[in-house]
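Visitor: Sequence first, then the predicted structure:
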Amino acid sequence: MYMIQVVFFRLTRVFLLLITTIFLHQFADAQIRVESIPFNFEKEYDSEIFKLTFEEERFIKQNLPENSPPLVGLTNQVDISPAGNGVWVLFPEQGIKIWRVELAAENADEVIIYFDSFEPGTLGSLFVFSGDRTINLGGFTQISRVKGKPFAIEPIKAERIIIQFETGISSSDYDFHISEIGLLRKKFSVYGFGTSEPCEVNVNCDEGSDWQLQKRGVARILVKQSSALFYCTGSLINNAKKDKAPFFLTANHCGEFSDEDDYSQWIFAFNYETEGCVNPLIEPASQTLTGSMMLAKAVPGTTDGSDFKLLKLLQDVPLTYNPYYNGWSRQNTVTSSGVGIHHPDGDIKKISTYTSQPVSSAYGSGGSNISERYWRVRWSQTENGYGVTEGGSSGSPLFDSNGRIVGLLTGGSASCDNTSGPDFYGKFSYGWESNGTEVINQIAPWLDPDGTGIEFIGGLGSDTLFVLSDFEARRSEISINQGTDFENLSSGKITQYEWYFEGGTPSSSIEEIPGTIFYEQYGTFDVQLIVSNETTSDTLLRSKYISVKPFLYPNPTLNTFELSFGVDLTDDIGIEIFDAIGRKVAFNSQLNGSKLQLQLNNPTHGVYILRVNDRFVDKNLKFIITR
């Protein structure tokens, strides 16, 4: 355990201090709180001092499960409360009283304060500040906590820490108890600002320019599991109701054995990133929230489950954090390009890029099986580095090229020294409802509680005038004279819709749901949707999105049939016919405007494949010969 020594210390001098820009900067590094300066902030008073020592041997001897993230710190129980500790000072003229204790952590890099109860009362406000007054966290009031839940205050980097509580001089409706103190030390665990590997790419480099919305949902987590502390990553996630409920997705192995009280003390850091591409010399600020509850998780182990964990934050994410609730796809497919956004080693936010098709496989496997639980991903070199993953990246989202979450990082072998090594992401599609029959093992009951059957959804921003254009076709491959409907997945305060359908009838629409669009000629066609309001707009163009095949009839046939293209043909179209075992079959053809008549030479009964190839399409059509 940590060695805790209590002493009393009297000072009579006044510590005069100008409030520097450093101090002001620290106010931006904020949990939910009323940002203010503590009463008599610069003055020293009698203090009860708790001396904390990081015990190296205990840290080294921790026996953790093999799949746990890297350990970054430990906690130990303490017993600190206004009822039994500290010094009260009364100020009758001002009508307030203050209570102080002091922590001395000489061999720790960061200190986290954990409360098993935190009720500051109607007028109460708690502050945590460094002895040199360059850092001030507070004031933590009733808006900072969830009533009846444990609480935690984000890490503070100081050897001498003062905890001050102030309230009305006659107030008695407060009650809080500090039950644990966490100590982090970089000597024994490489973690935090500036510690990720040199090949990593900051999220605001050019590689992240198309992912500025998605990054806003990704946060670093300081995980608490009993007395062990880890860093992981996760993301806010949208739901079918689009109500901005604070659902948060990460990996199950991040705090796999955390209990309800532990989850209430997890600390989520949003917007922890550098503004530019170069690694900064000074640590940037973040915006944090404390507390979550576990809703669902995969069955344990990488062979039986897909390693997801779905949380709900105990408080809504403030609009000042500019949150983004990332979209997702539960389809068991993934695009051939996309990114991962993560906090390697608990460092500032990074981005890794893939440009080759992820493979469905078992965890750690080099094989391929579409029914397996993981996406195997290999990263690509980009302009500013070779983004990989590290400890602390666990639980981070894998995005497809549509900006939707399709997986969560479990682990792998990728590193700056092994850039070709694969990483494995638990499939979102498998976590949807394949981890078990119980609600606690499924994502679906939480993100689609009404059972709409939705298969994918776009992200949702928090901006009051934010708009995002997004849509999907019900069928993107049809035959001529067929139609398809479009699902509008756009989000935000939208007042106007403008649809454009190349080659379609109608060719445009201003309706939110445009109805069925018919296509009368073969080819590949663009679809565009512009959404707007009085101040902003967003455009999504899906190039060559609708593929219209020629229509083959009659089918089945004896030996003669016709291909209808809906438009007059040129002579440069390619037609090939193959039998069921891949042999080319001879045929005669005659072009007649928009139709091509075909006759096979002495065909036998069976299934045949007709291949149509030109600058518009390359499609295979199946037909049957009956004799």
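Guide: Cool, got the structure. Note that the coordinates shown come from a computational prediction; the quantities given were computed from them, not determined experimentally.
Visitor: Flag the shaky bits of the stretch 401-550 of the chain, pLDDT-wise.
Guide: For the stretch 401-550 of the chain, residues meeting the criterion pLDDT under 70 lie at 464.
Visitor: Show me the helices in it, by range?
Guide: All helices of the stretch 401-550 of the chain, identified by DSSP state H, counting those that start in this stretch, fall at 428-433, 444-447.
Visitor: okay if I get those as JSON lines plus mean neighbour count and distance to Glu154?
Guide: From N, CA and C alone the C-beta is placed, and that goes for glycine too. Below are the helices of the stretch 401-550 of the chain laid out as JSON lines (neighbours: other Cβ atoms under 10 Å; distance: least, Cβ to Cβ, whole Å):
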{"stretch": "helix 428-433", "mean neighbour count": "24", "distance to Glu154": "29"}
{"stretch": "helix 444-447", "mean neighbour count": "19", "distance to Glu154": "27"}
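Visitor: out of the ones you listed, which comes closest to Glu383?
Guide: Proximity to Glu383 (Cβ to Cβ) singles out helix 428-433 among the helices of the stretch 401-550 of the chain, at 28.6 Å.
Visitor: and the helices of the stretch 401-550 of the chain as a markdown table, adding distance to Ser413?
Guide: Formatted as a markdown table, the helices of the stretch 401-550 of the chain follow (distance: least, Cβ to Cβ, whole Å):
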| stretch | distance to Ser413 |
| --- | --- |
| helix 428-433 | 22 |
| helix 444-447 | 31 |
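Visitor: what's the closest of these to Ser264?
Guide: Taking Cβ to Cβ, helix 444-447 is the member of the helices of the stretch 401-550 of the chain nearest to Ser264, at 18.6 Å.
Visitor: List the buried residues in stretch 401-417.
Guide: By 16 or more other Cβ atoms under 10 Å, the buried positions in stretch 401-417 come out as 402-412, 414-415.
Visitor: Quick one: end-to-end length of it, please.
Guide: One end of stretch 401-417 to the other measures 27 Å (Cα to Cα, to the nearest Å).
Visitor: Same check on stretch 356-364?
Guide: 18 Å.
Visitor: What count of nearby residues applies to the residue lying closest to Tyr497 once chain neighbours are set aside?
Guide: Excluding the flanking residues, the one nearest Tyr497 by Cβ to Cβ, 6 or more residues apart in numbering is Glu512, at 5.3 Å. As a burial measure, Glu512 scores 12 neighbours (other Cβ atoms under 10 Å).
Visitor: need the contact list for Glu512.
Guide: Residues near Glu512 by Cβ atoms under 8 Å, 6 or more residues apart in numbering: Asn488, Ile494, Tyr497.
Visitor: Might one say that the last one is in contact with Gln528?
Guide: No: no contact is recorded between Tyr497 and Gln528 when judged using Cβ atoms under 8 Å, the distance being 11.2 Å.
Visitor: Got the confidence number for the residue positioned nearest the centre of the chain?
Guide: Nearest to the mean C-alpha position of the chain, counting by Cα atoms, centre = their mean, stands Ser235 at 2.4 Å. On the pLDDT scale, Ser235 is placed at 99.
Visitor: who's it bridged to?
Guide: Beta-bridge partners recorded for Ser235 (DSSP bridges): Val218, Leu249.
Visitor: For it, give me its contacts.
Guide: By Cβ under 8 Å, 6+ apart, the contact set of Ser235 is Gly217, Val218, Ala219, Phe248, Leu249, Thr250, Asn326, Ile341, Ser396, Pro397, Ile405.
Visitor: Quick check: the fifth one vs Pro280, distance?
Guide: Leu249 sits 28 Å away from Pro280, taking Cβ to Cβ, to the nearest Å as the criterion.
Visitor: swap in the second one?
Guide: Using Cβ to Cβ, one gets 18 Å for the distance from Val218 to Pro280.
Visitor: a markdown table for the contacts of Glu512, including distance to Asp347 and neighbour count?
Guide: Below are the contacts of Glu512 laid out as a markdown table (distance: Cβ to Cβ, whole Å; neighbours: other Cβ atoms under 10 Å):
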| residue | distance to Asp347 | neighbour count |
| --- | --- | --- |
| Asn488 | 39 | 19 |
| Ile494 | 37 | 18 |
| Tyr497 | 41 | 19 |
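Visitor: Using the three-state scheme, assign Asp262.
Guide: Secondary structure, DSSP: H, G, I helix; E, B strand; the rest coil: Asp262 is helix.
Visitor: Check what pLDDT it gets.
Guide: 98.
Visitor: Output the contacts of Ser235 as a markdown table; include the columns distance to Gly421.
Guide: Shown next, in a markdown table, are the contacts of Ser235 (distance: Cβ to Cβ, whole Å):
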| residue | distance to Gly421 |
| --- | --- |
| Gly217 | 27 |
| Val218 | 22 |
| Ala219 | 26 |
| Phe248 | 28 |
| Leu249 | 24 |
| Thr250 | 22 |
| Asn326 | 26 |
| Ile341 | 19 |
| Ser396 | 17 |
| Pro397 | 20 |
| Ile405 | 23 |
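Visitor: So if I had to pick from Leu249 and Pro280, which one is more boxed in?
Guide: Leu249 (25 against 14).
Visitor: before we move on, back to that, please check the contacts of Ser235 and keep the buried ones.
Guide: Buried among these (16+ other Cβ under 10 Å): Gly217, Val218, Ala219, Phe248, Leu249, Thr250, Asn326, Ile341, Ser396, Pro397, Ile405.
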